[in-house]
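# when you get a sec, could you give me coordinates for this:
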Amino acid sequence: MMRWIARACLLSLLTCAGCDGCHTRGLPRPASAGPWPPVAVVAAPVAASSSAWEMRGVGGGGALYLPVIAPDNQQIFMATDMGSLFHSRDFGASWDTLDFRSFQGSPRTQVRFTADPNVLWSINAIREDAKLSRSLDGGRHWQASPRDSLDGSPYYLEVDPERVDRLLVSTRTALFVSRDGGATFQSVTIAPRDAGLILAGAFFDGDQIDVATNVGLFHSADGGASFAQRRITGIPTGEVIISFAGAHQGEVRRFFAVTASDADVWAGVQGSQHGAFRGIYRLDESASQGEVVVRAMGGRLPREQHMMFVGMARNAVDVAYLAGCDASRHFPAVFRTEDSGTTWTDVFVTHKNRNIATGWSADGGKLGWDFGEYALGFAVSPSDPRRAVLTDLGFVHVTTDGGANWQAAYVAPADRNPPGTAILGGKPYRSSGVEQTSVWWLTFASPETLIASFTDIRGARSVDGGRSWSPSPKGLVLNTTYQVIADPRGTLYAATSSVHDLYQSLYLTDGRIDKGTGAVMTSANQGATWQLLHDFRHPVVFLALDRRRPSTLYAAVVHSREGGIYLTHDLERGPGATWNRLSVPPRTQGHPYNIRPLADGTLLVTYSGRQEGQRQFTDSSGVFVSSDDGFTWVDRSAPNMHFATKDLVVDANDATESTWYVGVAQPAGAMTRGLYRTRDRGLAWQRIWDGASVESCSFDPRTPDRLFVTTTEDGLWRTENVNTTQPDFLPDRDYPFLHPLRLFWHPSNPGEAWVTSFGGGLRARTF
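Okay, here's the model as predicted:
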């Protein structure tokens, strides 16, 4: 549970995507599939990322939610808690990312298909404001439902796959049905639990609609015009349905359900509630009208298996899958039945990777199956019970033969390890396009050796110019590496921490940060292995070498009482070096960020955001300058920098190093965001752009007039006239992810740019 909370970041809402094709099944397209009342339209190409910015990381590494397989049995969609929605057209061999301007994913994102492959539905988390959305062109353009059409934010979505006009949407407290393509909604009378309404699933079968919730099972015999609660016999008191699937074959209609403890589940959360699991049930319709007879069907399931999802093809009543967690080992688990639940077979055999063509996380790897830990989503093809997809806290796996064999779908197919084999240490991998974790820094140790600083997977190393990567180099043991720098001799130094996401979303309070640990690590072999240089016992977020004194290294250490800027003057002594904390700049409260030593000995630092109380930002951020080796500090912050300052970049085109650029985010209620510039070392500041909350910026080394800017939720921007009084900024519409962190230029190929991100992996392109 804590692991899910730790990875959940800025988004907790929903998204959607598209498929190609034309009108099918001969159904007339209802008038309701036409325009809604006037609403905002958000348009973007489905796969803008494939045209310019190429995914260039190791693949995987973050939570993936609620996959769905299209009726064509080739397309898959799945979301993340970091804003991406991934789309595959070749059943997981490769993936594209929907442009964030069109859609943003979240743990509640559910893509739904209709009888027309051009008409798709989903819940869009754009701007963290969940909206029911529809596409009429296979996902290329989307239209949001009028905000007042539902009483509350949408949580769950089910759509009739044989029509284009019927859908069910639930909020936290109510269930709604539309029979006119979302033009109008009617409330279905349900009294939700205190934990909220869980729409566990729905089965559409002509005019019969069966809807399972944690309140009960509801049935409509008139296409959704009315619903009645069905009597259920056989599920013990205190258990509620959390996942539901159905099938119709011949004269048989059959349902399966997963139940959990009513007291331990709540709306909008998947997977992490697996400890609340109680039972597997088959629901058969009886001759008695309105009654469903329940049979417990999980008796032969091992006790330690905690299931959260059930999946079926719509046309196979005897075949069903369960997905969840092997709680004894904290591994993802999948079971399959071919006899209507009488027996269940373990079909995701993680022991020795028996039937899984693995990626870099598996049995024998530096990061094993416990990294993925438990299912966060599971789907079966609606028409082919042999096809299924599993997602978890780090990865996605697919099967096309009923679970007899599985393939890792987060790395390039050619890089998969054969089933039944151990993972080779140090083997490089290429991404399939699925990247959903944070990359903080990129270091060029040599023209071909690159080091990427990651959250969760700690780091990755490439020896072929970034074309492939070996994850989690030996010796990096803490959750996050924030930065790696190199001294003139080629020795590397890494800032590491057990606390991820520093100065992002939830990780701004002393309570979340002060319990963490951190250290400076060092490598003498270009990042192949790492050793401890100094254990600070608190997170280390930034490092800098003094250009005048090669034995002087600065470290930004984060802690409410002991945080600040530390330095050593005897770096050559390695672990025996002596470290001292510099004096504390005025107003600051232990959240240092950047360190920028200038050629003349001036030391610049930024302190970033800190929250306390009701998520209020404290007046403790900004830019601080010392001209006496940190004995005293001058506050050179603009007033708007006092709460959420980010990166400080010194303009390398100014030989006097007097021109600085500083990014500022926007705390709640304060219009401070933007990019700031000073030409006189902070005596006077100008906000040259206020269009977004800014993380950082980077000059194109080929021209002093071009500057790229990274933002917290508005993607990548650029200006071609940064040296004017008021530069013009335009979005880079080829970059598809909402939260880039920093842009780096390859020192041996100045036209090659790399962008790290907060939750969107690593991308590169050549200009």
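# tell me the centre residue of this protein?
Met82 (2.9 Å; Cα atoms, centre = their mean).
# now for the residue lying closest to that one once chain neighbours are set aside: which residues touch it?
Residue nearest to Met82 in three dimensions, not counting chain neighbours: Gly759, with 2.7 Å by Cβ to Cβ, 6 or more residues apart in numbering. In short, each C-beta sits where N, CA and C put it, glycine included. Each residue near Gly759 by Cβ atoms under 8 Å, 6 or more residues apart in numbering is listed here: 9-10, 62, 80-84, 436-438, 737, 739.
# coming back round to it: how near is the residue nearest to the centre of the chain to Thr719?
Noted for Met82: a distance of 27 Å to Thr719, by Cβ to Cβ, to the nearest Å.
# nearest spatial neighbour of Ser153, skipping sequence neighbours?
Ala130 (4.5 Å).
# what phi and what psi does the backbone show at that neighbour?
phi -60, psi 130 (degrees, to the nearest 10).
# looks like it contacts Ile123 (just checking).
Yes. Judged on Cβ atoms under 8 Å, Ala130 makes contact with Ile123 at a distance of 5.5 Å.
# okay, domains of this structure per the record?
According to automatic domain parsing, the chain comprises the domains 2-55+102-349, 439-766.
# average pLDDT across the first one?
Read it as domain 2-55+102-349. Averaged over domain 2-55+102-349, pLDDT sits at 81.
# show me the shaky parts of the stretch 601-750 of the chain.
Residue ranges of the stretch 601-750 of the chain with pLDDT under 70: 668-669.
# dump the one helix or strand Ile688 maps to to CSV, restricted to CA.
Element membership of Ile688 [criterion: DSSP states H and E] is strand 686-689. Output of strand 686-689 as CSV, limited to C-alpha atoms (Å, rounded to 0.1, in the frame of the first residue of the first chain):
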residue,chain,number,x,y,z
GLN,A,686,12.3,40.7,-14.9
ARG,A,687,9.7,38.1,-15.4
ILE,A,688,10.1,37.4,-19.1
TRP,A,689,7.4,34.7,-19.3
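# ok, it: who's next to it in the sheet?
strand 674-678 (antiparallel) (DSSP bridges).
# mind checking how far the strand it pairs with is from the chain centre?
29 Å (Cα atoms, centre = their mean, to the nearest Å).
# only the C-alpha atoms, please, for it, written as CSV.
The C-alpha coordinates for strand 674-678 follow below in CSV (Å, rounded to 0.1, in the frame of the first residue of the first chain):
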residue,chain,number,x,y,z
GLY,A,674,7.2,31.9,-14.8
LEU,A,675,10.7,32.4,-16.0
TYR,A,676,12.8,35.3,-14.5
ARG,A,677,15.9,36.9,-15.7
THR,A,678,18.5,39.2,-14.2
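# what's in contact with that strand?
Taking contacts as Cβ under 8 Å, 6+ apart, the residues outside strand 674-678 that touch it are 636, 638, 640-641, 658-664, 684-694, 697, 709.
# hang on, the earlier thing: may I ask which helix or strand encompasses the residue nearest to the centre of the chain?
For Met82, there is no enclosing helix or strand under DSSP H and E.
# number the chain from 675, please
All right, first residue 675 from here; so that's Met756.
# hmm, Gln1110 and it touching each other?
Yes. Counting by Cβ under 8 Å, Gln1110 is a contact partner of Met756 at 5.6 Å.
# between those two, which contacts overlap?
What both Met756 and Gln1110 touch, as defined by Cβ under 8 Å, 6+ apart, is the set 736-737, 1433-1434.
# neighbours around the closest residue to Phe951 other than its chain neighbours, how many?
Leaving aside its sequence neighbours, Phe951 sits nearest to His980 (Cβ to Cβ, 6+ apart; 4.1 Å). As a burial measure, His980 scores 23 neighbours (other Cβ atoms under 10 Å).
# please apply the same query to Glu1012.
Glu1012, neighbours per other Cβ under 10 Å, totals 15.
# that one and Met1195, how far apart?
For Glu1012, the distance to Met1195 - Cβ to Cβ - is 51 Å.
# need the helices for the stretch 1125-1274 of the chain, in chain order.
For the stretch 1125-1274 of the chain, the helices defined by DSSP state H, counting those that start in this stretch occupy 1184-1187.
# equivalent analysis for the chain, please.
Ranges of helices in the chain, per DSSP state H, are 676-681, 1184-1187.
# hmm, Val1338 is touching Ser1370, no?
No. Contact criterion Cβ under 8 Å: Val1338 and Ser1370 do not qualify, at 11.1 Å.
# what residues do those two have in common as contacts?
Joint contacts of Val1338 and Ser1370 (Cβ under 8 Å, 6+ apart) are Lys1320.
# of those two, who's got more company?
More neighbours surround Val1338 than the other of Val1338 and Ser1370, with 30 against 22 (other Cβ under 10 Å).
# beta-bridge partners for the more buried one, please?
Thr1319, Gly1348.
# let me see the contact set for it.
Contacts for Val1338 (Cβ under 8 Å, 6+ apart) come out as 1314-1315, 1318-1320, 1346-1350, 1367-1368.
# list buried residues within the residues you listed.
The neighbour count (16 or more other Cβ atoms under 10 Å) marks 1314-1315, 1318-1320, 1346-1350, 1367-1368 as buried among the contacts of Val1338.
# can you report how many residues lie near Ser1014?
17.
# what distance do you get for it to Ala818?
Distance from Ser1014 to Ala818, by Cβ to Cβ: 41 Å.
# and Asn888, its phi and psi?
phi -70, psi 0.
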